[in-house]
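Trainee: Okay, sequence plus prediction incoming.
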Amino acid sequence: MASASAIPAVRTLRSVRPDVGYAVLGVLNTVLSCAAATTVSLPVSSDIGLGAVLPPAYWLGVVSLNVLFVTALCRGCRAWAPVLLLCCLVVTLYGAAAFASSAPRAEVAWRHIGIADAVIRTGHIDPGFDAYFNWPGFFALLAVVTKATGLPPVDLALWAPVANGLLWLGALALVVRQLTADRRRLWLTLWLFCLGNWIDQDYLSPQAFSYFLYLCVLALLIKYLGAQPAGRPSWRSAQLLAWWRSRAPTEPNAHRRLAALLVAVFLSAVITAGHQLTPFMLLASATALVAVGRCWSSRFPLLLAVMLVIWLVYPASAYLAGHPLLDGSGMDAGAAANLNNRLQGTPGHLDVVHLRMALTGVIWALAVVGIVLARRSRTLDLRPLVLAFAPFALLPAQSYGGEMLMRVTLFALPFMAFFAAGALLSTGWVHARWRAAGVAIVCTGLSVMMVTARFGNARFDMFTPAELEATAKMYEIAPDGALLIASAHPTPWRYREYEDHRSRTIEDICGPAPDPDGCSVLVVAAAKRNGVLLMSRSGDAALVMQGAMTADGLDRLKQQIGHQAGVVLVYQNTDARIYRIGPAEPEGS
């Protein structure tokens, strides 16, 4: 009797072991990779970035993690195993820089800490002071969180990419679950989304939080506010309108539809108050869903448009007074800002730029194959198709500081990954074992490309302790109302006293490709005898790597600045120099 009663337990144990094994191996691989990343020494000296200095053990963990995931996918493991492996992937890929350095990457994260600090100290928001204060929602929330929890803002910024990456995956899973019943395609879509996300917009920022809310709204529009027209559309206008009007809600419960609409409107209002671009992306996506008859609430885009207009006319009017909404529009202006201005710099930096383009190209090429295969099998779903291409409508409307193409790529990525997953899981092109091997190879290659592309600017956007010390010293030296000048934007500054000082960079003052002799005069003149100039390793590297100046020109600029009247070197360490720009001393004094 005892042996007979033990049989079900043994069978249960055997059925659990593979899932547990994948989970244990995934966690071990993550620990291996993260421990290896901690051995990286700063500063990163390669123009190719962090990928060039990560040890082999890190890459071994990345390869093993992809193989484990594909194996678990093919074995049909329980849902928690792929979820855990996805979490391991986010920590391994997005957290590599956080394990290599205790300081947040990129200048913008430091700036956002300073804005939240200004909100806490002043208790009010002045839209006329800065563009950020015209969309203050995120910063007010960040101020509340830091004040209520006591968490150090620097630590929040350090781990924000990992936290936001996990939030994005959770929201995207809600979207993809409405698009397919195939769990393998769901998990692979999320995996490919992680591997294709080199755009690096998941730091402590309004756009990261707004992107999460954007995905949540899409999930509501597709699930509870979705619609299904009768039959197939006709290209004749009268019949097309009749087809569109024939749509029926996919959610039969009217109360749930109303609740979902109210939540979607509320989240849209939060997005509108928090970020400039995301509401327009949401408007384009919602309009596309309505146009193809897959959204029941045809007035939702109208409500969103009204909220946008109200916000632009009143709360954001201070910003728009000097920045027209369509400033920099047009394909020529967009191409110049998004492509031409980025295709310059040192050979290593250009290699990273080309790798980013190649990574995006691979995802898009696989997506095109997936779309073609779905069309041939008559299973093409219009919802992910229009959501993948709707963001491109904004490409000619605004250059967005040269970042519009990257932002469009990010908003299209979830649905490009969905079709790419469909292409990789297609059953007709090769035997199952060879297909699994192919998927593992593709994912591994994309992982290597993603880490190199994402952290390709590590030479200038990862900061050393000496640079952080110099920045803190700059604030101690700077008198009230002084102009703070840095060599370039990758500088860990503006995290304190945000509203007390003006700030500019040498490139802002002198323009692209400046003349060293003339630039030194312009820098001193811009300070108006009340300024502090910080020349740091990261800023200098950015000027040279991005092609703004040559190394020889930068050296000459430093010499010329030091010889200007009223400029005094007041501090220096291994990675930075600080000059005080004050009134010139009288001759003979």
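Mentor: Yes, it's here.
Trainee: which residues of the stretch 251-400 of the chain score low on pLDDT?
Mentor: 321-342, 399 (pLDDT under 70).
Trainee: quick one, helices of it?
Mentor: Counting by DSSP state H, counting those that start in this stretch, the stretch 251-400 of the chain has helices at residues 254-274, 278-291, 300-313, 317-320, 331-335, 347-376, 382-389.
Trainee: what's the closest of the ones you listed to residue 569?
Mentor: Closest approach to residue 569 among those (C-beta to C-beta): helix 347-376, 29.6 Å. C-beta coordinates here come from the backbone N, C-alpha and C atoms, glycine included.
Trainee: ok, so what distance separates residue 270 from residue 289?
Mentor: 20 Å (C-beta to C-beta, to the nearest Å).
Trainee: So if I had to pick from these two, which one is more boxed in?
Mentor: residue 289 (26 against 17; other C-beta atoms under 10 Å).
Trainee: Setting aside sequence neighbours, what's the nearest residue to that one?
Mentor: residue 295 (4.0 Å; C-beta to C-beta, 6 or more residues apart in numbering).
Trainee: That neighbour contacts residue 286, correct?
Mentor: Yes - assessed by C-beta atoms under 8 Å, residue 295 is found in contact with residue 286 at 6.6 Å.
Trainee: Now for those two: what residues contact both?
Mentor: When contacts are counted by C-beta atoms under 8 Å, 6 or more residues apart in numbering, residue 295 and residue 286 have residue 221 as shared neighbours.
Trainee: More neighbours: those two, which one.
Mentor: Applying other C-beta under 10 Å to residue 295 and residue 286 shows that residue 286 carries more neighbours, namely 27 against 24.
Trainee: gap between the closest residue to that one other than its chain neighbours and residue 484?
Mentor: Distances taken as C-beta to C-beta, 6+ apart put residue 301 closest to residue 286, at 4.7 Å, once the chain neighbours are dropped. Relative to residue 484, residue 301 is positioned 43 Å away (C-beta to C-beta).
Trainee: Low-confidence regions, this structure specifically.
Mentor: Using pLDDT under 70, the flagged stretches of the chain are 1-17, 233-238, 321-342, 399, 427-431, 584-589.
Trainee: Recalculate using a threshold of 50.
Mentor: Within the chain, the segments meeting pLDDT under 50 span 1-7, 9-10, 12-14, 329-331, 333-338, 587-589.
Trainee: Going along the chain, name the strands of it.
Mentor: For the chain, applying DSSP state E gives strands covering 227-228, 248-249, 483-486, 502-505, 531-536, 567-573, 576-581.
Trainee: Helices along the stretch 401-550 of the chain, start to end?
Mentor: Under DSSP H, counting those that start in this stretch, the stretch 401-550 of the chain gives helices at 404-424, 432-454, 458-461, 465-477, 506-510, 516-527, 537-545.
Trainee: The third one - contacts with which helices or strands?
Mentor: It refers to helix 458-461. helix 537-545 (3 or more C-beta pairs under 8 Å, 6 or more residues apart in numbering; DSSP states H and E).
Trainee: quick one, what contacts the spatially most central residue of the chain?
Mentor: The C-alpha lying nearest the average C-alpha coordinate of the chain belongs to residue 201 (C-alpha atoms, centre = their mean; 1.4 Å). Residue 201 makes contacts with 207, 208, 211, 406, 407, 410, as judged by C-beta under 8 Å, 6+ apart.
Trainee: Tally up the residues packed near the fifth one, please.
Mentor: Put plainly, it is residue 407. Residue 407, neighbours per other C-beta under 10 Å, totals 22.
Trainee: got it, and the last one?
Mentor: Using other C-beta under 10 Å, residue 410 has 22 neighbouring residues.
Trainee: was I right about residue 203 contacting residue 110?
Mentor: No - at 10.1 Å, residue 203 does not count as touching residue 110 under the criterion of C-beta under 8 Å.
Trainee: More neighbours: the two, which one.
Mentor: Regarding residue 203 and residue 110, a neighbour count based on other C-beta under 10 Å identifies residue 110 as having more, with 24 against 19.
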